[in-house]
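K.L.:
Sequence isn't available, so here's the structure alone:
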């Protein structure tokens, strides 16, 4: 039995002026969601149907700005039959002025990154820094010492950008929790999602590479407690460049040894690229997928998920494009 695609786009009640009750749209023209630990902010775009009706009355396009305003909350649920996945929760960031109405959204990071910051310290951990600049939010951060920090008359967005550019510490939201420095879910017990290339993968854009053919150069940077850095390079001089960040390694020889061990993790046989799957099973960035194949059984392997794009429309289509990250090695 083929289950019908279902959608539920909820705009909860708001008390701003003019106030309005909740609005639920069950037949959007299309929904696009993009999420990744590289993006800082997950985004969504909802295109409303031209014949949308609210409270049994024809939708009046002239009242767009009263119904949907920047900062209003939104919840997007998609699925098949009677089952829904919560795919996105956040806030409206933009509403188009023309028809069809397009509503652009950002996740909880939209609200967080606007908070003002005026803070300085001689030494602080990443966890404590984020707790200071993002009060009211849970923080899940890598355990590292950052040394002196000074942020004058700025915003959380600028602080997070500084952490990424100076320390390669990427930030993203997981619900209401601010995560920083933990790009993959390798510290969780969540199982990998099984994907069979000939059975439940619609198509793929994968390239298989043998480790003998990989040319990789790693630049290893260690940040010390006082904020200074030391740097070494290992691998193939003309290879694909990757920067790895370490913390508290004070001796270059030790840093080089660590970098050479990590280089081995990148020089492995495996796929890079993406796979397109159905909307179910739900796959999120930071998780893992286990790829298997009847045609190429020797190429099976488990990979981290770097990013996910969800496409839902009235064609009908509910698809998930999963970008592979690093291969999981033991």
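P.N.:
Right, received. Where do you want to start? This one's a predicted model, so the numbers in the text were calculated from it and none came from an experiment.
K.L.:
domains of the chain?
P.N.:
5-107, 112-180, 188-209+269-308+322-330, 211-267 (automatic domain parsing).
K.L.:
Make JSON lines from these and add distance to residue 314 to it.
P.N.:
Just so you know, the C-beta spots here come from the backbone N, C-alpha and C atoms, and that holds for glycine as well. Putting the domains of the chain into JSON lines (distance: least, C-beta to C-beta, whole Å) gives the following:
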{"stretch": "domain 5-107", "distance to residue 314": "6"}
{"stretch": "domain 112-180", "distance to residue 314": "29"}
{"stretch": "domain 188-209+269-308+322-330", "distance to residue 314": "14"}
{"stretch": "domain 211-267", "distance to residue 314": "41"}
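K.L.:
how about CSV for the ones you listed, with mean pLDDT added?
P.N.:
Listed next are those as CSV, based on pLDDT from 0 to 100:
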stretch, mean pLDDT
domain 5-107, 88
domain 112-180, 93
domain 188-209+269-308+322-330, 93
domain 211-267, 91
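K.L.:
most centrally placed residue in this protein?
P.N.:
For the chain, residue 36 is the residue whose C-alpha lies nearest the centre (C-alpha atoms, centre = their mean; 2.2 Å).
K.L.:
if I look at that one, how far off is residue 221?
P.N.:
23 Å (C-beta to C-beta, to the nearest Å).
K.L.:
try residue 176
P.N.:
32 Å.
K.L.:
Compare these two (neighbour count), which wins?
P.N.:
residue 221 (19 against 13; other C-beta atoms under 10 Å).
K.L.:
Would you mind confirming that that one makes contact with residue 244?
P.N.:
Yes - using C-beta atoms under 8 Å, residue 221 makes contact with residue 244 at a distance of 7.4 Å.
K.L.:
Report the set of residues contacting both of these two.
P.N.:
residue 168 (C-beta atoms under 8 Å, 6 or more residues apart in numbering).
K.L.:
Next, residue 134: phi, psi?
P.N.:
Main-chain dihedrals, residue 134, degrees, to the nearest 10: phi -130, psi 60.
K.L.:
That one: neighbour count?
P.N.:
When neighbours are counted by other C-beta under 10 Å, residue 134 comes out with 20.
K.L.:
For the closest residue to residue 126 other than its chain neighbours, which residues count as its bridge partners?
P.N.:
Once flanking residues are discounted, residue 126 sits nearest to residue 141: 4.5 Å by C-beta to C-beta, 6 or more residues apart in numbering. For residue 141, the beta-bridge partners are residue 180 (DSSP bridges).
K.L.:
do the one 4 residues further on as well
P.N.:
In this structure, residue 145 bridges to residue 125 when assessed by DSSP bridges.
K.L.:
Also residue 232?
P.N.:
residue 220.
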